[in-house]
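In: coords below, sequence missing:
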């Protein structure tokens, strides 16, 4: 675990890394809707959880010297019905001011934590 990640308000991640930089790329673990204490934010709420995942992603980018324009692709995983996917997607579009990077929105059966209904993965590359 990187001390800078903990200092930024991200929860500890025993047994895995949030990110690893290789050259101009940042390889990320999927961002989970966790608060600094490790609790899942707004269990069952796709909008609030997508917002938290993106906030965590923003912190992680900043820690490693990357920025939002470096996001080249998003994958948004959502547990639930079509309406839940739409609700999560609305949080994504709000976060990016309607200018979402290339993205895939997927419905999935379950995610890693009880109450977790959204996870967001990103491909991040610095450069033109």
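Out: That came through fine. Only a predicted model underlies this, so the values are computations on that prediction, with no experimental measurement involved.

In: can you give me the strands in this structure?
Out: All strands of the chain, identified by DSSP state E, fall at 19-22, 25-28, 71-79, 102-108, 118-125.

In: By mean pLDDT, which helix or strand of this protein comes out lowest?
Out: helix 3-7 (a mean of 75; mean pLDDT, DSSP states H and E).

In: Can you list the buried residues in that one?
Out: residue 5 (16 or more other C-beta atoms under 10 Å). From N, CA and C alone the C-beta is placed, and that goes for glycine too.

In: Stretch 107-116 now?
Out: Under the neighbour-count rule (16+ other C-beta under 10 Å), stretch 107-116 has 111, 116 buried.

In: List the contacts of it.
Out: Outside stretch 107-116, the residues within contact range by C-beta atoms under 8 Å, 6 or more residues apart in numbering are 32-34, 40, 43-44, 49, 77-80, 82, 84-85, 117-119.

In: so how far is that stretch from its chain's centroid?
Out: The offset between the C-alpha centroid of stretch 107-116 and the centroid of the whole chain comes to 14 Å, using C-alpha atoms, centre = their mean, to the nearest Å.

In: so for it, what's the average pLDDT?
Out: Regarding stretch 107-116, the rounded mean pLDDT is 97.

In: And for stretch 30-37?
Out: Taken as a whole, stretch 30-37 has an average pLDDT of 94.

In: Could you list the residues in contact with that stretch?
Out: Counting by C-beta under 8 Å, 6+ apart, stretch 30-37 makes contact with 9-11, 40-42, 48-50, 52-54, 56-57, 60, 75, 77, 111-113, 116, 118-122, all of which sit outside it.

In: where's that stretch relative to the chain centroid, distance-wise?
Out: Chain-centre distance of stretch 30-37: 8 Å, with C-alpha atoms, centre = their mean.
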